[in-house]
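1. Please find the sequence and the predicted model below.
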Amino acid sequence: MTHPVLVLRAEDAGRMSQLHMRSFDDPWSAVSFRGLLLDNSILTLGIELEGQLVAFAMAQTIAGESDILTVATDPDQRRKGLAATLIRALIDRLGERGVSRITLDVAEDNAPARALYRSFGFAEDGRRPRYYTAGRDVPVDAILMSCKMSL
Ligand SMILES: CC(C)(COP(=O)(O)OP(=O)(O)OC[C@H]1O[C@@H](n2cnc3c(N)ncnc32)[C@H](O)[C@@H]1OP(=O)(O)O)[C@@H](O)C(=O)NCCC(=O)NCCS
């Protein structure tokens, strides 16, 4: 089943923050999301089920390259293809805007996200040692991934 993809706006900051809280140990506040949603360099896509925001993905584009800032699916709605739908939609829309490459970083121990990105052709091409510390007893490396767009 494919779900309609919405472009999220500043008024969605509160529910994005709620969903982020359910997905990350170091959630971003509604104020932070509002600032990001007001930034014209950032595209934010979301999926609603029965009026509730259940997944979103956010990417910032600077000088023709995009960076995926965050992606989250509600824990009760995972493994239903929602994040994949959003990443597909982001790639398509960024491609239409002439973006040549998409980058991201992901915690080394985040197997679901690494598998998600690999399934879209993202390659692992770098590492930031001990990058993630919040909510962890032991810092975890960030794995840098990127995907070249076929223009
Ligand atoms: C990572 C995350 C966004 C995936 O969301 P999702 O909506 O459940 O993902 P999808 O159902 O679209 O999965 C797409 C593909 O990703 C991979 N994947 C997703 N969850 C996985 C898991 N638990 N284990 C292994 N692979 C997984 C699979 O390749 C999957 O395809 P498949 O179901 O056909 O095998 C979700 O687990 C999440 O919100 N995690 C917490 C926040 C987070 O880590 N965000 C990413 C930070 S970089």
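-> Looks like it came in fine.

2. Please name the strands paired to whatever helix or strand Arg127 lives in in the sheet, noting orientation.
-> Under the criterion of DSSP states H and E, Arg127 resides in strand 123-132. Partners of strand 123-132 in the sheet, by DSSP bridges, are strand 140-148 (antiparallel).

3. Flag every buried residue along the partner strand.
-> By neighbour count with 16 or more other C-beta atoms under 10 Å, strand 140-148 contains the buried residues 141-147. Bear in mind the C-beta positions are built from the backbone N, C-alpha and C, glycine included.

4. pLDDT weak spots in this protein?
-> The chain contains residues with pLDDT under 70 at 151.

5. in it, which spans are strands?
-> 6-7, 42-49, 52-62, 65-73, 101-107, 123-132, 140-148 (DSSP state E).

6. Could the C-alpha coordinates of the fourth one be exported in CSV?
-> Included here for strand 65-73 are C-alpha records, laid out as CSV according to Å, rounded to 0.1, in the frame of the first residue of the first chain:
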residue,chain,number,x,y,z
GLU,A,65,24.0,18.7,-2.6
SER,A,66,21.5,17.5,0.0
ASP,A,67,22.0,16.1,3.4
ILE,A,68,19.4,14.0,5.1
LEU,A,69,19.0,15.6,8.6
THR,A,70,16.6,13.2,10.2
VAL,A,71,14.1,10.4,9.5
ALA,A,72,11.7,8.8,11.9
THR,A,73,8.8,6.4,11.8
